[in-house]
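> Predicted model and sequence follow; I will ask about them next.
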Amino acid sequence: MELAGLAGLLAAVPAVAYLGQSGRRHTGAARRAHLLLALGGALVTAAALAGLATALLGGHHHDPDHSRTLATMVAIGMGVGALVLLAGTVALPGATRGPAAALRHVLDGLVIASAIWFVGWALISRPTRILGDLTPYRCVAVLLPAVLAAVALGLTAVMALHAHRPRRNSILVAAGVSVVAIAATAISSAICRDRNALALAGVLLLAAGLITVALAVKAADRPFEVSGDVLERGGAYAVVPMLAVIGALGYHLTRGGSVDALGYFGISVVGLALVARQYLALDDVRRYTSQLRHREAHFRELAHTDPLTGLANRRGLQRALRDSTDNAVLIGIDLDGFKTVNDMRGHDIGDSVLTEVAARLRRNLLAGDVAARLGGDEFAVLMHGDADEAMLAAHRLLAVLGEPYEVDGGSIFLSASLGVADTGELLHDADLALRYAKQRGKNRVERYQAGYDELLRRRGTLQGELRHAIDRGQLRLVFQPVVALPSMRPVGAEALLRWTHPELGAVRPDEFIPVAEESGLINRIGAWVLEQAVVQLAAWLAKGHDVWVSVNLSPKELHAADYAAQVADVLAEHDVPPQRLVLEVTEHAVATDMEELVRRLAEVRETGVRIALDDFGAGYSSLTQLRTLPVDILKIDHALVAEPESRTGTAAPLVDVVVRLGHRLGLEVLAEGIGTTAQREVVEEAGCRLGQGSLFGWGVPAEHFETRLRTLIPVGRRPLPAPRSAPPSDAPARSQVVRLGPGMRQVRALLPSDPDFVGAHGDPRGDQNVGSVDSGREMGQG
């Protein structure tokens, strides 16, 4: 019989070997679980083999003391192995959701195991003694595997209730471990009581249990979709065991039995396990409640926070306004020209700029201040203080936000418009003040006044009426002369847009142009202005007038992908030489994106038109940018021309610097805003050859400007110059200024054999310079 048992144990060896191979083949949690199962199976098998072999070879069945000692050793060895098997079962992937869940499963298993233990104790102990003479009272050592068998059965029940789906494999592993623990109890008891049949049954159960575990592990290697119960299955794991304990205790007491140490042990474990499980359940409730509270606060904060910048959003600002005190002041902020950044550089760069704006706002806030992003490029700052403090803070923010933004290896220049409100409905009033600041030219701070409502209502009226101004013939062009200095002969004109409404009257350009830009009408209006200016220029050229015309170019027009083609088509349609058209881009456009601006201007300049940088000196462009920009003409800002005397006593000292700079860069320089004779003299003294301003005439209709041009056309043929003596053949080469068009010249080399070698007055001794050019018609400038 014992030899048959030893042979049966050999059937368990392949199962243990497979578990070891599976552990080495897997990684992570599966590797740990499979290796634990292999180790537990090896310990159980080795302990059983050692016990049976010792009993067979030593003949301990003739000595009861030696049998109990051997049974104890076998029970301990197999018990340790069964315990390792239980650990491997709990560690299986899909068996639990983590260490905390594993602990809960173990406690649930202890509750069921304790109930099984107590019911078994009630049935085995006196007076019931269901096993009769087989009751193993003498073998205390079998208690350890018996306890582990009860725990394994409880764990199997828990796996059936709570393991991830499909839970079949987890249940099979737990059931196999339970069979192994029962087999350990049987083998220990058989060695202790010298029961060969019981030993053979235990060996067969041991082999069957380990083979079941190996087959379940092998089946778990197949791919399957793991899912868990949305809600854990009910509380039967606690209710049913308690009912079983109560029923067994009542039965035992009614039969006249008493509760000994083993019974008390079972009841104590049930109670302690339930208390521990309840404590963990309450801890879970507290933790879940705390998590829900934090999540609620997190989502509430998200609902009041801008996800890009981390500032408060409009809801957050409104909440802060509700909680604010009476001395709250709101500063509304809007970035000027930010849409251009998005259009030219993309939204990723735009987002980087917005993030930097938020960082600058944070760095300039005081304790208790709230910065918010209301949407797009609109921000707000809620602070506490009076109106004067708010204006100081607003001007500080204006300077901070006007500093360059270093993004993606390049500099982006932006300005901001700010509106301040300290009374009334802060959000509404700050928005009105902000819109008024943008209407007055941007890059400024405005404090709310009651009259802003009327001004903005007028702005809405202008926007509605401007949409139909072209179709109704309300727009017209006037032309302000550009003269050559010092002769003051008109050589060109700047086309200026005027709007006369039948009810609103004459609307100022600085009032309706911003409306056109913000409403998106500027592209249509700009195309109309370009068409009308070229038509008029073609008419003047056809009549023999040697002039050019400049047209102001909005940055939004420049961003249109087909603008260069549009300009070329208009010029070709009316047969106008491209160099006769000058497109003026304001220095403010340089503030958006230098790289993209250069590319766009280069595309337009390739059509042959000339580019003028208007309002130069307003504070945006640097010397490096000036060298990079594809421009032909610098228009000195009127503020520099009208600048008072410097410390050296020189009026408008920067004009001389800009003129010299422009000439060094090969650019023509035009001084605009000349309103007095003294200003003209300063400009002429600086060497500037082109001028524009009220001193030479305001913008006038085309026919008035043409009348002035008509007086410049010479009557009859120009008299021939006096005969000039031929230069010596060995005279050195000289140079001559050659006119390519109005305002455009080129210096070419003249050899002594060239008929033009002799100077304008028959003097071969010096190079011809600009001052010696015969007339403005030769230069197109004077």
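Right, received. Where do you want to start?
> what's the residue nearest to Pro509 when sequence neighbours are not counted in contact with, if anything?
Nearest residue to Pro509, sequence neighbours excluded (C-beta to C-beta, 6 or more residues apart in numbering): Leu497, at 6.0 Å. Bear in mind the C-beta positions are built from the backbone N, C-alpha and C, glycine included. Leu497 is in contact with 475-477, 509, 513, 525, 529, 552, counting by C-beta atoms under 8 Å, 6 or more residues apart in numbering.
> So Leu497, which state does it fall into?
Here Leu497 is recorded as strand under DSSP: H, G, I helix; E, B strand; the rest coil.
> Select only the buried ones of the contacts of Leu497 in PyMOL?
Only the buried entries of the contacts of Leu497 go into this PyMOL selection, using 16 or more other C-beta atoms under 10 Å:
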select buried, resi 475+477+513+525+529+552
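> Is it possible to get CSV of the contacts of Leu497 that adds pLDDT and distance to Ile182?
As requested, these are arranged in CSV below (pLDDT from 0 to 100; distance: C-beta to C-beta, whole Å):
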residue, pLDDT, distance to Ile182
Leu475, 96, 101
Arg476, 96, 106
Leu477, 97, 105
Pro509, 92, 99
Ile513, 91, 94
Ile525, 96, 94
Val529, 97, 99
Asn552, 94, 97
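> The residue nearest to Pro509 pairs with what?
Per DSSP bridges, the residues bridged to Leu497 are Leu477.
> I'd like the distance between it and Asn552.
8 Å (C-beta to C-beta, to the nearest Å).
> okay, and the common contacts of these two?
The overlap between the contact sets of Leu497 and Asn552 (C-beta under 8 Å, 6+ apart) consists of Val529.
> JSON lines please, covering the contacts of Leu497 and showing distance to Asp194 and secondary structure.
Below are those laid out as JSON lines (distance: C-beta to C-beta, whole Å; DSSP: H, G, I helix; E, B strand; the rest coil):
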{"residue": "Leu475", "distance to Asp194": "120", "secondary structure": "strand"}
{"residue": "Arg476", "distance to Asp194": "125", "secondary structure": "strand"}
{"residue": "Leu477", "distance to Asp194": "123", "secondary structure": "strand"}
{"residue": "Pro509", "distance to Asp194": "118", "secondary structure": "helix"}
{"residue": "Ile513", "distance to Asp194": "113", "secondary structure": "helix"}
{"residue": "Ile525", "distance to Asp194": "113", "secondary structure": "helix"}
{"residue": "Val529", "distance to Asp194": "117", "secondary structure": "helix"}
{"residue": "Asn552", "distance to Asp194": "115", "secondary structure": "strand"}
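> Dead centre of the chain: give me the residue that sits there.
Leu308 (5.6 Å; C-alpha atoms, centre = their mean).
> Now that one: phi and psi?
Main-chain dihedrals, Leu308, degrees, to the nearest 10: phi -80, psi -50.
> quick one: it from Gly441, how far?
Look at Leu308 and Gly441: by C-beta to C-beta, they are 29 Å apart.
> now Lys556
17 Å.
> Comparing those two, which residue is more hemmed in?
Neighbours per residue, other C-beta atoms under 10 Å: of Lys556 and Gly441, the larger number sits with Lys556, 21 against 12.
> Find the residue closest to that one in space, skipping its chain neighbours.
Ile522 (5.3 Å).
> And that neighbour, how far from Val285?
In terms of C-beta to C-beta, Ile522 sits 63 Å off from Val285.
> more neighbours, those two?
Higher neighbour count among Ile522 and Val285: Ile522, with 19 against 10, using other C-beta under 10 Å.
> the helices in the stretch 601-750 of the chain, which residues?
Ranges of helices in the stretch 601-750 of the chain, per DSSP state H, counting those that start in this stretch, are 623-628, 638-641, 653-664, 677-685, 702-710.
> Among the ones you listed, show me which one is buried the most.
When those are scored by mean count of other C-beta atoms under 10 Å, the highest mean neighbour count falls to helix 638-641 (a mean of 20).
> Contacts for it next, please.
Contacts of helix 638-641 (C-beta under 8 Å, 6+ apart): 617-618, 652, 654-655, 658, 671-674, 679, 682-683, 693.
> now do 10 Å
The contact list for helix 638-641, computed with C-beta atoms under 10 Å, 6 or more residues apart in numbering, reads 615-619, 651-655, 657-658, 671-676, 679-680, 682-683, 686, 688, 691-693.
> before we move on, the earlier item: can you pull the contacts of the residue nearest to Lys556?
Counting by C-beta under 10 Å, 6+ apart, Ile522 has contacts 513-516, 529, 554-557.
> separation between it and Ile333?
The gap separating Ile522 from Ile333 is 23 Å, by C-beta to C-beta.
> can you check Cys688 too?
Between Cys688 and Ile333 the computed distance is 39 Å (C-beta to C-beta).
> Same check on Cys192?
Distance of Cys192 to Ile333, given as C-beta to C-beta: 89 Å.
> pretty sure Met78 is in contact with Ala190, am I right?
No: with contact defined as C-beta atoms under 10 Å, Met78 and Ala190 do not form a contacting pair (11.9 Å).
> Quick check: neighbours shared by the two?
Listed as contacting both Met78 and Ala190 by C-beta under 10 Å, 6+ apart are 51, 202.
> Quick check: which element contains Glu406?
strand 405-407 (DSSP states H and E).
> Identify the residues contacting that strand?
Outside strand 405-407, the residues within contact range by C-beta under 10 Å, 6+ apart are 335, 341, 345, 348-357, 360, 411-414, 593.
> mind listing which of these are in strands?
Among the contacts of strand 405-407, the members falling in strands are 335, 411-412 (criterion: DSSP state E).
> If you count contacts, what does the strand or helix carrying Tyr18 end up packed against?
Assigned by DSSP H and E, Tyr18 belongs to helix 12-25. Applying 3 or more C-beta pairs under 10 Å, 6 or more residues apart in numbering; DSSP states H and E, one finds that helix 12-25 contacts helix 28-58, helix 64-91, helix 168-193, helix 196-220.
> what's it in contact with?
30-46, 48-49, 85, 88, 176, 180, 183, 203, 206-215, 217-218, 220-221.
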